[in-house]
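Enquirer: Sequence and predicted structure, then a few things I'm wondering about:
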Number of protein chains: 2
Amino acid sequence: MTQRQRRVRDRTERAQRIVTAARELAEAEGWDAVTTRRLAALIEYSQPVLYSHFPGGKDAIMAAAALEGFAELATALARARDGGLAGIAGAYIEFAVAKPALYDAMFTLASELRFAQDDTPEVMKANFAELLAVIEPVAGTQDAGVLTEVFWSTLHGLVTLDRGHRLSPAHRDERLALVVERFGPRGD
Amino acid sequence: MTQRQRRVRDRTERAQRIVTAARELAEAEGWDAVTTRRLAALIEYSQPVLYSHFPGGKDAIMAAAALEGFAELATALARARDGGLAGIAGAYIEFAVAKPALYDAMFTLASELRFAQDDTPEVMKANFAELLAVIEPVAGTQDAGVLTEVFWSTLHGLVTLDRGHRLSPAHRDERLALVVERFGPRGD
DNA sequence: TCCAGTTTTCTAGCATCGCTAGGATTACTA
DNA sequence: TAGTAATCCTAGCGATGCTAGAAAACTGGA
């Protein structure tokens, strides 16, 4: 029986190696360079092995990578909770800059993952909860949930537009300061 | 000589037909369905003809479509200038909802077009100018240019996250109202 | 009107992609 | 050790973007 346990352990290890290889390759050369053939070569197995682990194919591998990303982003945000608005906004942007391919998998290329659904994984909701925890104290009379959605949208927009060379690189810090000021407690 | 003129006119007309066909197909079935073979069939010419018009291939065709999009967005924003923050924000989101594939070509799939460069087309700058014109009166002591970048990021984030089913569909109007309130003139 | 020369267009094919069927190999069971 | 079951690989399918070289159409001067 212990042999059977070793076999399933080997399988999960290999699944992890696939996702890790995909992430590294994506960060190094972009998701377009992540082909099933290159992945198979990296883990030193043939192509169909990938499909025994991820029946959904390449999309499923990207979704698995994205799920890891959500978990990592959630812990990064939790660590920055004490920093208030500026802290959590900075942590969010820092994550997106440090792992751009992963961020893409999470938000722009995730055709499989859905938010605000019943089957939405907990790790995905955790990110929203972290943002909400920081927004709530400064929401005032406004709906904290909706305000969190807007706050999140601003961060996401800053990240994606900046990466697309749409924003002036010189004003990066200024933008962050403005976000903190605009989403801070109202003066009235 | 007039025959030569007719020939160049035919060529530009055909180039336009290519871009138009690409846009219609993209809005109907997404950019993945826009293949060079289907485009060639739609304009009733063979595949290589596309490359005589757009040496850059499919990416160049998407870039041409994106440029049309920037022009159309600029006029839509200009028309909404009198509506202030709420008007222009609503016009921006309405454009993105009405032409989602075009919006993707402009912002998420445009690997060729660059902002904030010397060779940035005027139509792309015009969009920023329209937003700036509305932000400027409410910027107060803050840098209007940077504030416009943040305001734009918020709109872009709302659009992309909403399309990715990341935001609650029920709160769409509430989010817009919150944006207008947060980016309006400060109360102090 | 006919015939070079130029331009335009098409046929055919290359390399690569995601993905899968079917056979071969290995490991487990009795 | 024979039979069964799980595992893996070879080979190939259809489709993609793109391109070389042949074929066709148009041009302008005898």
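Expert: Alright, I've got the coordinates.
Enquirer: downstream neighbour of the lengthiest helix in chain A in the secondary structure list?
Expert: Counting residues, the longest helix in chain A under DSSP state H turns out to be helix A:2-29. Following helix A:2-29 in sequence order, the next helix or strand is helix A:36-43 (DSSP states H and E).
Enquirer: and that following helix, C-alpha only, in PDB?
Expert: Provided in PDB are the C-alpha atoms of helix A:36-43 (Å, rounded to 0.1, in the frame of the first residue of the first chain):
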ATOM      1  CA  THR A  36       3.000  22.100 -24.500                       C
ATOM      2  CA  ARG A  37       6.100  20.800 -26.300                       C
ATOM      3  CA  ARG A  38       8.500  23.000 -24.400                       C
ATOM      4  CA  LEU A  39       6.700  22.200 -21.100                       C
ATOM      5  CA  ALA A  40       7.000  18.500 -21.800                       C
ATOM      6  CA  ALA A  41      10.700  18.900 -22.600                       C
ATOM      7  CA  LEU A  42      11.300  20.800 -19.300                       C
ATOM      8  CA  ILE A  43       9.700  18.100 -17.200                       C
END
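Enquirer: what angle sits between it and helix A:2-29?
Expert: 120 degrees (axes from the mean of the first three to the mean of the last three Cα atoms, to 10 degrees).
Enquirer: Which elements pack onto the next helix or strand after helix A:36-43?
Expert: Next helix or strand after helix A:36-43 toward the C-terminus (DSSP H and E): helix A:47-53. For helix A:47-53, the packing partners by 3 or more Cβ pairs under 8 Å, 6 or more residues apart in numbering or on different chains; DSSP states H and E come out as helix A:2-29, helix A:36-43. Quick note: C-beta positions are derived from backbone N, CA and C, even for glycine.
Enquirer: okay, those helices in a markdown table with mean neighbour count and distance to chain B next?
Expert: Shown next, in a markdown table, are the helices and strands packed on helix A:47-53 (neighbours: other Cβ atoms under 10 Å in any protein chain shown; distance: least, Cβ to the nearest Cβ, whole Å):
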| stretch | mean neighbour count | distance to chain B |
| --- | --- | --- |
| helix A:2-29 | 14 | 14 |
| helix A:36-43 | 16 | 17 |
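Enquirer: Reformat the ones you listed as CSV; add distance to DNA strand D.
Expert: Converted to CSV, the helices and strands packed on helix A:47-53 look like this (distance: least, Cβ to the nearest atom of the strand, whole Å):
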stretch, distance to DNA strand D
helix A:2-29, 6
helix A:36-43, 8
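Enquirer: where among those helices is the average confidence lowest?
Expert: Among the helices and strands packed on helix A:47-53, helix A:2-29 carries the lowest mean pLDDT, a mean of 87.
Enquirer: residues near the residue of chain A found nearest DNA strand D, how many?
Expert: Of all residues in chain A, residue A:46 sits closest to DNA strand D, at 3.3 Å by Cβ to the nearest atom of the strand. Residues contacting residue A:46 under the criterion other Cβ atoms under 10 Å in any protein chain shown number 10.
Enquirer: Contact partners for the closest residue in space to it that isn't next to it in sequence?
Expert: In space, residue A:46 comes closest to residue A:40 once its chain neighbours are excluded; the distance is 5.8 Å by Cβ to Cβ, 6 or more residues apart in numbering or on different chains. Residue A:40 sits next to A:46-47, A:49-50 when contact means Cβ atoms under 8 Å, 6 or more residues apart in numbering or on different chains.
Enquirer: Which parts of chain A are helices?
Expert: Going by DSSP H, chain A shows helices at A:2-29, A:36-43, A:47-53, A:58-79, A:84-98, A:100-107, A:122-135, A:144-163, A:172-183.
Enquirer: which residues are contacting the fourth one?
Expert: For helix A:58-79, the external contacting residues (Cβ under 8 Å, 6+ apart) are A:15, A:18-19, A:22-23, A:26, A:31, A:34-36, A:39, A:50, A:54, A:56, A:88, A:91-92, A:94-95, A:99, A:102-103, A:105-106, A:109-113, A:121, A:123-124, A:126-127, A:130-131.
Enquirer: Among those residues, the buried ones, what's the ChimeraX command?
Expert: Of these, the buried ones go into a single ChimeraX selection, burial set by 16 or more other Cβ atoms under 10 Å in any protein chain shown:
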select /A:15,18,19,22,23,26,31,34,36,39,50,54,88,91,92,95,99,102,103,105,106,109,110,113,121,123,124,126,127,130,131
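Enquirer: tell me, which of the contacts of helix A:58-79 make contact with DNA strand C?
Expert: A:34-36, A:56 (Cβ under 7 Å from any atom of the strand).
Enquirer: Least confident of those?
Expert: residue A:56 (93).
Enquirer: near DNA strand D, which residues of chain A show up?
Expert: Counting by Cβ under 7 Å from any atom of the strand, the residues of chain A near DNA strand D are A:7, A:11, A:45-49, A:52.
Enquirer: go again using 10 Å as the cut-off
Expert: Contact residues (Cβ under 10 Å from any atom of the strand) of chain A with DNA strand D: A:4, A:7-8, A:10-11, A:14, A:36-37, A:40, A:43-53.
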